[in-house]
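Chemist: The sequence isn't on hand, but the structure is:
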């Protein structure tokens, strides 16, 4: 291990300004993805409901029921997270918009 051959790592972090438009765009994207995952969850649950488990072994029935519940639950969790992120980004955008409007009003009054 020769340390002279290693390239130096540079820490270049670009800070982008948060704006109401960026928050609104992120909220629309997250909301769209949340709706898509929700639609996927409904399709998965409907598919599981229309295809019953064909087995007489109680262990197989219990395990397959647990797996089906876990699959629908994980997809529902993803849908909920995307929805909460969309609501949070929308609220942040409104907060930034109100802050900009109040800043402009206070600078006009002075």
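Modeler: Looks like it arrived, so ask away. None of these values were measured; they are calculated from a predicted model. Numbers count the residues shown, from 1 in each chain.
Chemist: And for stretch 39-50, what's in contact with it?
Modeler: Residues from elsewhere that reach stretch 39-50, judged by Cβ atoms under 8 Å, 6 or more residues apart in numbering: 68, 71-72, 75-76, 79. From N, CA and C alone the C-beta is placed, and that goes for glycine too.
Chemist: and the two most separated of those?
Modeler: 68 and 79 (16.7 Å; Cβ to Cβ).
Chemist: okay, the two: which has more neighbours?
Modeler: residue 79 (20 against 17; other Cβ atoms under 10 Å).
Chemist: Quick one: the helices in the protein, in order.
Modeler: For the chain, the helices defined by DSSP state H cover 20-50, 58-109.
Chemist: Those: which one's closest to residue 13?
Modeler: helix 20-50 (17.4 Å).
Chemist: Tell me the buried residues in the closest one?
Modeler: Residues 20, 23-24, 26-27, 30-31, 33-34, 37-38, 41, 48 are the ones in helix 20-50 that count as buried (16 or more other Cβ atoms under 10 Å).
Chemist: Can you pull the poorly scored residue ranges out of the chain?
Modeler: 1-12, 110 (pLDDT under 70).
Chemist: any idea how far residue 50 lies from residue 62?
Modeler: Using Cβ to Cβ, to the nearest Å, we find residue 50 at a distance of 20 Å from residue 62.
Chemist: no, scratch that, I was asking about residue 80
Modeler: Note on residue 80: its distance to residue 62, by Cβ to Cβ, is 26 Å.
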